[in-house]
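Participant: Okay, here's the prediction I keep looking at, along with the sequence it came from:
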Amino acid sequence: MKKILPLFLTFLIPVITLSQTGKVFDNLSMKSEILKMERKYAIYLPPDYETSERSYPVFYLLHGAGDDQTGWVQFGEVLYLADKAIKEMKATPMIIVMPDANTGQRGYNNDAKGEWRYEDFFFKELMPYVEETYRIKREKRYRAIAGLSMGGGGTFYYALHHPELFSSACPLSAATGPLNMDDMERYKQRGRMEGATNAQIEDWFKKYSVLDMIKNMPDEQKNAVRWFIDCGDDDFLYEGNSLVHIEMRKKEIPHEFRIRNGAHNWTYWRESLPVVLSFISDTFHQH
């Protein structure tokens, strides 16, 4: 019997390891002094988080307009897809942070007048908080960002504003902001720019027009971030994404650009996420 028990445990341990799953917590919160409110976020912890002492790469995953921090959990099936990618060794174990950008005001940007500063909150409060609270590697190499639609826009903004912080960026079906100053009229009519001066509006355009930022990207920044841009052939945001791709080609900015069959919906983004997990893991891994 004593000989049988160790043999049994030898077979049992791999089974237990393979059966481990990650965990998602989708109703967590932290205090924001910048936004003067509690801010919610969701987090995915990889299967071995609770049984190891190691630190992990971090992946910031941004939702779209109309969703909140639960979007990628409820509709994007992040738990199932991340677990599957890790189990199949197509992605490295990582922590996935999904912040809420749908409370107070919607969006990942600061407003033109500086009265609502979500982007400042993200970099000055959210990132330091989660990277101190969880076992996260803090080097640029081990930090990535992606998002869909409005979150795709946020992905562009954040990686372009802070290329020193992100190794990879994956905008999906991204809202790329105003294409030119004439296009700013659409944004001014949304109400958040009421009372802003012309100078403030022009500054906002320069900060949140992805096309303008690409056109004016300094040469030393061209290779700072690995880009993966993905948009469906029936997506209503195809124009902005295509123009950004063309401008990147002109500027000789390395990037992957994918047009697949699909529209602006969760069916498309659920198919995108495993590819994104693999893409960012290529940077996380040692080569």
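Facilitator: Looks like it came in fine.

Participant: can you give me the strands for the stretch 101-250 of the chain?
Facilitator: Under the criterion DSSP state E, counting those that start in this stretch, strands of the stretch 101-250 of the chain are mapped to 143-148, 168-172, 226-232.

Participant: got the angle for the first one vs strand 226-232?
Facilitator: In terms of direction (axes from the mean of the first three to the mean of the last three Cα atoms, to 10 degrees), strand 143-148 departs from strand 226-232 by 10 degrees.

Participant: and what of the second one?
Facilitator: Between the axes of strand 168-172 and strand 226-232, defined by the same axes, to 10 degrees, the angle is 10 degrees.

Participant: Just to check, Lys222 is in contact with Glu252?
Facilitator: Yes - between Lys222 and Glu252 there is a contact at 6.7 Å, judged by Cβ atoms under 8 Å. (Each C-beta comes from the backbone N, C-alpha and C, glycine too.)

Participant: Between the two, which is the more surrounded one?
Facilitator: Using other Cβ atoms under 10 Å as the criterion, Lys222 and Glu252 rank with Lys222 on top: 15 against 9.

Participant: which residue sits closest to that one in space, ignoring its chain neighbours?
Facilitator: Spatial nearest neighbour of Lys222, chain neighbours left out: Ile253 (4.9 Å); criterion: Cβ to Cβ, 6 or more residues apart in numbering.

Participant: Number of residues surrounding that neighbour?
Facilitator: For Ile253, the neighbour count with other Cβ under 10 Å is 19.

Participant: Can you give the distance of stretch 123-130 from its chain's centre?
Facilitator: Computed by Cα atoms, centre = their mean, to the nearest Å, the separation of stretch 123-130 from the middle of its chain amounts to 14 Å.

Participant: Need the residues that contact it.
Facilitator: Residues from elsewhere that reach stretch 123-130 (Cβ atoms under 8 Å, 6 or more residues apart in numbering): 30, 32-34, 39, 41, 43, 58, 60, 95, 97, 99, 136, 158, 162, 165.

Participant: Arg39 in helix, strand or coil?
Facilitator: Recorded secondary structure, Arg39: strand (DSSP: H, G, I helix; E, B strand; the rest coil).
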